[in-house]
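*Asks:* I would like to see how this sequence folds:
(3 chains)
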Amino acid sequence: MSAPVALIDCNNYYVSCERAFDASLVGVPVIILSNNDGCAIARSGEAKALGVKMGDPVHLIRDKIRQHGIRVLSSNYALYGDMQRRVVAAIEPFARDFEIYSIDETFVDFAGFEHLDLAAHSRAMCAQVRQWTTIPTCVGIASTKTLAKLANAAAKKNPTFDGVADLRDEDLCRWVLDQFDVDDVWGVGRATAAKLAGLDICTAGQLRDMALKQARAIGGVVLERLVAELRGVPACAIETVEPQRKGMAVTRSFGTPVTDMDMLMGAVAQYAMRAGEKLRQHGLVAGRLTVFFHTNRHKQDQPQYSATRTLSMQPMTNDGLMLLAYARRGIESAWREGYGITKAGVMLEDLIDADRRPRTLFEDDSGRRDRLMVAMDQVNMRFGTFAAVPASQGFKREWAARSDSKSPNYTTRIAEVPAVKAR
DNA sequence: TCTGGGGTCCTAGGACCC
DNA sequence: TCTGGGGTCCTAGGACCC
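*Replies:* Below is the predicted model:
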């Protein structure tokens, strides 16, 4: 028997974060919108019960929102990111080790804890998270990460588990796997589910019983590993050290279409500067930059244009103004008049640690540019994003994404911290 | 008027080399 | 007239995740 693995997952995470600071959101249907206030990306239980689906475009559910008085909020990532820090701090004392898998999910290594009643231990962990953050959580325990994901889903779905499902019991595991559709399994998406349906494999239990060879034939090594995991044979370990990242991106949709190259340049200037900031935060430099922009693909009756330019950067850099210069070249070479551009972005690849950066013969080693970047980071940190920007970015930002109903930065900006009044 | 953003991994196929 | 086989590296694209 392999060591127990648990997945602790926050319920309706973004909504729960908002509720922590606004009691009027408790007990009523709430949805959180994607960037640009485009579609619903998080829903309270009440909103799910009203039939709001993940990814529903908000303009298609206006009637439902009005009819049921659904509360609608723009997303507030500064808040969700900061709350995650607090959630993880509450989990930490209960785990031998852990892997932060996403903004609302953490895998917990329970190796060496087998002598404990792990369900009780997990409930204590959830109680700690709730006390420190008010955020409700569920836990799934199993012998592999894939089974822990399903255990967690079972704990959320079936009230008899009371928030914690332990699938190390084989009979219980079989019973639960037969309850879930194959596309509920972690790693099975639309394409794979369709192939499996052709073989009459429709439940997680049937997928577990599939021949490994056949799994390999239709879904490659990924599906083969997945079937092994469903059988309780670990094929993916808990990653407790954060792996070196391979790329990063800053991309946005525009609030209104952009038809002017200078205006596009303004948006991309902001993304390039932000990308440089992210590189410096992670202590990295990049060797390759891709800039892209395109028209609205949902409107096929309008003229479509999509462009991508990839440039290799020498020397490798994390200097925002350098990134901006490369991005500018890409845009100038790809720009065409006569289109309404609705999205653009800057992506960086070939990332390595800044202190392992290969030196080139003719570069400026004085460090002046590094100091400029440090200064800009400090100004923006202290006076708010966009306090110091290159002139090409402009200050009007006509293209800025919509964010009409964002909650305050309760925990990350001192001016917006909620005040508690004594009576 | 109105449809997100940011990642990872795997595979196939071309270029190139010996 | 006849024209190998195998390895590596890189890139683009698909699939999936939250």
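*Asks:* so the residue of the stretch 251-400 of chain A found nearest DNA strand C: helix, strand or coil?
*Replies:* Going by CB to the nearest atom of the strand, DNA strand C is nearest to A:T310 of the stretch 251-400 of chain A, at 6.2 Å. C-beta here means a position set from N, CA and C on the backbone, and glycine is covered the same way. Secondary structure, DSSP: H, G, I helix; E, B strand; the rest coil: A:T310 is strand.
*Asks:* got the contact list for whatever residue of the stretch 151-300 of chain A ends up closest to DNA strand C?
*Replies:* Closest to DNA strand C within the stretch 151-300 of chain A is A:G189: 2.1 Å, counting by CB to the nearest atom of the strand. Shown here is A:G189, whose contacts under the criterion CB atoms under 8 Å, 6 or more residues apart in numbering are A:D183.
*Asks:* got a pLDDT number for it?
*Replies:* Predicted confidence (pLDDT) at A:G189: the value is 95.
*Asks:* A:V420 too?
*Replies:* Here, the pLDDT recorded for A:V420 equals 82.
*Asks:* now it: which helix or strand?
*Replies:* Using DSSP states H and E, A:V420 sits in no helix or strand.
*Asks:* gap between A:A286 and DNA strand B?
*Replies:* A:A286 sits 11 Å away from DNA strand B when distances are taken as CB to the nearest atom of the strand, to the nearest Å.
*Asks:* the host helix or strand of that residue: partners in the sheet, and parallel or antiparallel?
*Replies:* When elements are assigned from DSSP H and E, A:A286 belongs to strand A:284-295. If you go by DSSP bridges, strand A:284-295 pairs up with strand A:306-317 (antiparallel), strand A:341-353 (antiparallel).
*Asks:* dump the C-alpha coordinates for the longest one into PDB.
*Replies:* When you say that, I think you mean strand A:341-353. What follows is strand A:341-353, C-alpha atoms only, in PDB (Å, rounded to 0.1, in the frame of the first residue of the first chain):
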ATOM      1  CA  ILE A 341      -8.300  44.000 -32.600                       C
ATOM      2  CA  THR A 342      -9.800  42.600 -29.400                       C
ATOM      3  CA  LYS A 343      -7.000  40.700 -27.800                       C
ATOM      4  CA  ALA A 344      -3.200  40.900 -27.600                       C
ATOM      5  CA  GLY A 345      -0.400  39.500 -25.500                       C
ATOM      6  CA  VAL A 346       3.300  39.000 -24.800                       C
ATOM      7  CA  MET A 347       4.700  35.600 -24.100                       C
ATOM      8  CA  LEU A 348       8.200  34.800 -22.900                       C
ATOM      9  CA  GLU A 349      10.100  31.500 -23.300                       C
ATOM     10  CA  ASP A 350      13.600  30.200 -22.800                       C
ATOM     11  CA  LEU A 351      13.600  31.300 -19.200                       C
ATOM     12  CA  ILE A 352      16.700  30.800 -17.000                       C
ATOM     13  CA  ASP A 353      17.900  32.100 -13.700                       C
END
